[in-house]
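Trainee: Quick one, fold the following:
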Amino acid sequence: MAGPAYWYGGPVAGAGLADRLGFALLEPTDGWLAELPEEFTGRQVRAGTVVDAWALDRPTFVKPPREKSFPADVYADGSRLPAGLDPATPVLLSEVVTFAAEYRLVLLDGRVATGSRYAVFGRLDPRPLLGTGTDRADRAVAGEIAEFADRLVAVAGPTLPSAVVVDVGQLLDPYRPGHRWAVVEANMAWFSHAYAAEPARVLDVVLRAAGPRERVRPGDLAFLRA
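Mentor: Below is the predicted model of the structure:
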């Protein structure tokens, strides 16, 4: 007899197989980033649709909140979006900022299970969250990330599923030297690259985020993919 089914893969195939195989997919809501206090986003972010994106008259970072239906990018104005998009497609619209480095945090029950740096100034550059573990700069960054993640979870933890991926980054301050930490986005654990994170700990989170429907916790019911 076959055992319980779990999923790690794309959202379209996952949604098509979920009922047949009996697994449930947890995911953050479309508007989660836009609803965060600016204390955590470090920039203005609003939720809308492709219709709102078409109306843009200035450079704006536009992305689908969850699906990868078109490339997330800075678009000079609404006319630059790819042709053929469904006008009702949800989007996130953000002012343009610069992240010096971006990190993927894999969260389970409000705690960082593991993580990885994945980009430096927008270029792919994976590295374990703690680096070598002996470098003072690495330890300082890890400490800053832990402190930021604790503050984020204290405020916004109930608005996330118990197993989720949250990307954070060092947002450059245009008015003074240095950086501040800010949320880049939240993603489905079952559709997120692990980069240099610890595979076994990533797996623990994926198993919670895309496992048997009967094992879904009451607090996660609001985050089930339809």
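Trainee: Going by C-alpha atoms from here, please, whenever you check contacts or count neighbours.
Mentor: Will do.
Trainee: Rounded mean pLDDT for stretch 121-132, please.
Mentor: Averaging pLDDT along stretch 121-132 gives 85.
Trainee: how about it: buried residues?
Mentor: Using 16 or more other CA atoms under 10 Å as the test for burial, stretch 121-132 gives Pro126, Arg127, Pro128, Leu129, Leu130, Gly131.
Trainee: Kindly export that stretch (C-alpha atoms) in PDB.
Mentor: The C-alpha atoms that make up stretch 121-132 are tabulated as PDB, following Å, rounded to 0.1, in the frame of the first residue of the first chain:
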ATOM      1  CA  PHE A 121      23.400  43.100  -5.900                       C
ATOM      2  CA  GLY A 122      20.900  41.000  -7.800                       C
ATOM      3  CA  ARG A 123      23.400  38.400  -9.000                       C
ATOM      4  CA  LEU A 124      23.100  34.800  -7.900                       C
ATOM      5  CA  ASP A 125      25.700  34.100  -5.200                       C
ATOM      6  CA  PRO A 126      24.500  31.300  -2.800                       C
ATOM      7  CA  ARG A 127      26.300  30.800   0.500                       C
ATOM      8  CA  PRO A 128      25.300  29.100   3.700                       C
ATOM      9  CA  LEU A 129      23.700  31.500   6.100                       C
ATOM     10  CA  LEU A 130      26.500  31.200   8.600                       C
ATOM     11  CA  GLY A 131      29.300  31.000   6.000                       C
ATOM     12  CA  THR A 132      32.300  29.200   7.500                       C
END
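Trainee: Please tell me how far that stretch is from the chain's geometric centre.
Mentor: For stretch 121-132, the gap between its own C-alpha mean and the chain's C-alpha mean amounts to 16 Å (CA atoms, centre = their mean, to the nearest Å).
Trainee: same question, stretch 168-185
Mentor: With CA atoms, centre = their mean, you get 17 Å for stretch 168-185.
Trainee: Find the centremost residue of the protein, please.
Mentor: Centroid-nearest residue in the chain, with CA atoms, centre = their mean: Ala186, separated by 2.2 Å.
Trainee: any idea how far the residue nearest to Tyr103 when sequence neighbours are not counted is from Thr159?
Mentor: Spatial nearest neighbour of Tyr103, chain neighbours left out: Arg117 (4.1 Å); criterion: CA to CA, 6 or more residues apart in numbering. For Arg117, the distance to Thr159 (CA to CA, to the nearest Å) stands at 24 Å.
Trainee: again, but for Ala113
Mentor: Applying CA to CA, the value for Ala113 to Thr159 is 18 Å.
Trainee: Kindly report the same for Glu144.
Mentor: With CA to CA as the criterion, Glu144 and Thr159 are 22 Å apart.
Trainee: between these two, which one's more packed in?
Mentor: Thr159 (17 against 14; other CA atoms under 10 Å).
Trainee: dump the residue contacts of the more buried one.
Mentor: With contact taken as CA atoms under 8 Å, 6 or more residues apart in numbering, Thr159 is in contact with Pro28, Trp32.
Trainee: State the next helix or strand along the chain beyond the helix ranked longest in the chain.
Mentor: When the chain is parsed with DSSP state H, its longest helix is helix 136-156. Toward the C-terminal end, the helix or strand that comes next after helix 136-156 (DSSP states H and E) is strand 163-172.
Trainee: distance of Val183 from Leu36?
Mentor: Remark: distance between Val183 and Leu36 (CA to CA) = 9 Å.
Trainee: quick one, which of the two is more surrounded?
Mentor: Legend: neighbour count by other CA under 10 Å for Val183 and Leu36, higher for Val183 (24 against 19).
Trainee: give me every residue that touches that one.
Mentor: By CA under 8 Å, 6+ apart, the contact list for Val183 reads Leu33, Phe40, Thr41, Gly42, Val166, Asp167, Val168, Gly169.
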